[in-house]
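S.K.: After the sequence you'll find the predicted model.
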Amino acid sequence: MLGHWRVGLAGWLERVAGLAFLLPAVATVLLLSIFPLILSLYLAFSRLRLVRGGYDINFVGLANFRKLLFGSEQRHFLGVFAPLSPAAWLVFLAAVALVAFLLWGYLRGRTRSALGFFSRLVTALILTTGFYFILASLSGGGRPGTVIVTVVYVAVGLAIQYAIGLILALLTTQRLPGQRLFRVIFLLPMMITPVGIAYMFWMLADTGKGPLKPIWNLIGLAGTSWVNDPWGARWAVMIGDTWQWTPLMFIVLLAALEGQPLELIEAALMDGATRWQIFRHITLPQLLPVSLTLILIRLIEGFKIIDLPNVLTNGGPGTATESLTLMAYFAWRTLDLGGAMAMAVSLLVVVMFLAVTLVNLMPGRTAGGGAS
């Protein structure tokens with residue numbers, strides 16, 4: 001009897017000791033992440049005013065979100081929509097066809113289910129609707145708001161950064177002369193702070209004062225500035241962001257390429273496969289898991305872009321280059337804390353939806369299987 005009591009006491013003390021060791025870590029996580037998130041959600045549905053001796057918080061429900069979606073901030077937040085041109089309709093129909101092809105691929109897979117298909121169908125409807133409004137804001141007579149400008153930054157930046165990073169990684173695995181030096185050079189932009197890059201591109205975009213002024217004089221473009229035109233300013237931001245974050249794509253993809261087993265490639269070469277066939281059927285499928293993780297990381301980071309548009313263009317001309325994070329910062333600076341938190345929550349919803357969509361709609365997320 002006494003032995004059973006001792007065993008039970010020892011087990012209880014072990015459980016208590018485990019909880020005691022875990023409690024500080026759990027409390028730290030709650031303090032630094034979950035509690036601020038709950039507070040932010042509460043402020044998004046409130047209006048905070050600074051008063052003498054402190055502050056006053058009033059719960060206003062969905063008023064902050066109504067202001068963004070249907071009220072005074074709608075044109076700023078969502079933009080102005082115009083009828084689609086024939087070319088835009090073709091792009092939209094191509095996007096719908098691509099989404100339908102991905103859904104058909106899921107139906108043909110072995111892991112299909114009714115719930116999985118329904119969730120993907122709802123996601124596809126939201127995606128195509130959002131893409132329609134993006135095209136409507138980019139058509140003649142339309143104007144993209146901060147949400148669509150941010151989506152354009154992320155989509156164009158991700159595509160260009162991944163393509164350039166993959167090409168550079170493939171080139172540096174070909175045993176070319178000086179490849180070690182180029183590996184170091186390619187990493188230099190990532191070592192510079194975003195503010196420094198913004199100031200550098202601000203000087204480069206100014207053709208009247210920048211270091212490239214002699215070249216602009218030679219080709220007759222002196223005295224102009226990219227950042228005075230809405231799309232010129234947006235491209236300046238995207239080029240600066242691409243220049244900074246392409247090295248991340250490059251170094252991760254390079255590590256993935258160098259970690260691939262050579263036996264498959266050697267066997268394919270002996271069977272007469274071309275370089276393109278090896279890349280398409282061996283290299284690219286093996287890169288897919290790493291690529292998906294890398295794209296997710298850059299997707300999340302890309303939506304938080306604020307340094308480049310703030311320093312390079314200050315969100316201008318007008319609000320043409322203003323990202324969603326920069327809009328929230330401007331609202332916070334004017335003490336509209338409830339509106340700023342509503343924008344931050346909207347950003348969280350957009351990022352979570354796109355991240356989950358990317359994971360669910362991308363086929364073959366693992367090298368050996370399809371999407372679940």
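M.R.: Perfect, thanks for sending it.

S.K.: What distance do you get for the nearest residue to Arg143 once chain neighbours are set aside to Gly145?
M.R.: Nearest residue to Arg143, sequence neighbours excluded (CB to CB, 6 or more residues apart in numbering): Val80, at 4.3 Å. For glycine as for every other residue, the C-beta is placed from the backbone atoms N, C-alpha and C. Distance, Val80 to Gly145, by CB to CB, to the nearest Å: 8 Å.

S.K.: Same check on Gly318?
M.R.: Distance of Gly318 to Gly145, computed by CB to CB: 11 Å.

S.K.: Between these two, which is the more surrounded one?
M.R.: Shown here are Gly318 and Gly145; by other CB atoms under 10 Å, Gly145 has more neighbours (24 against 12).

S.K.: any idea how far that one lies from Ser137?
M.R.: On the measure of CB to CB, Gly145 and Ser137 end up 7 Å apart.

S.K.: ditto for Leu324
M.R.: Distance check for Leu324 against Ser137: by CB to CB, it reads 14 Å.

S.K.: Compare neighbour counts for those two and give me the winner.
M.R.: Leu324 (26 against 21).

S.K.: Can you check the pLDDT for Leu78?
M.R.: Per-residue confidence (pLDDT) for Leu78: 91.

S.K.: distance of it from Gln174?
M.R.: Separation of Leu78 from Gln174 (CB to CB) stands at 47 Å.

S.K.: cool, and Ala25?
M.R.: Taking CB to CB, one finds Ala25 at 46 Å from Gln174.

S.K.: How about Leu102?
M.R.: Counting by CB to CB - Leu102 and Gln174 are separated by 33 Å.

S.K.: neighbour count winner among these two?
M.R.: It is Leu102, of Leu102 and Gln174, that has more neighbours when counted by other CB under 10 Å, with 17 against 7.

S.K.: That one: which element?
M.R.: Assigned by DSSP states H and E, Leu102 belongs to helix 86-108.

S.K.: which other helices and strands contact that helix?
M.R.: Packing contacts for helix 86-108, counted by 3 or more CB pairs under 8 Å, 6 or more residues apart in numbering; DSSP states H and E, involve helix 114-138.

S.K.: What angle do helix 86-108 and the helix it packs on make with each other?
M.R.: Angle, helix 114-138 to helix 86-108, by axes from the mean of the first three to the mean of the last three CA atoms, to 10 degrees: 170 degrees.

S.K.: What mean pLDDT does stretch 182-192 get?
M.R.: 80.

S.K.: Let's see the distance spanning it from one end to the other.
M.R.: Stretch 182-192 has an end-to-end distance of 17 Å (CA to CA, to the nearest Å).

S.K.: what about Ser33, neighbour count?
M.R.: Ser33 has 10 nearby residues by other CB under 10 Å.

S.K.: how far away is it from Arg298?
M.R.: In this structure, Ser33 lies at 22 Å from Arg298, with CB to CB as the measure.

S.K.: show me where the stretch 201-350 of the chain has helices.
M.R.: In the stretch 201-350 of the chain, the helices defined using DSSP state H, counting those that start in this stretch lie at 213-219, 230-258, 262-270, 275-278, 284-302, 307-308, 324-333, 337-361.

S.K.: Quick check: which of those helices is buried the most?
M.R.: helix 307-308 (a mean of 22; mean count of other CB atoms under 10 Å).

S.K.: Sweet, I'm off.
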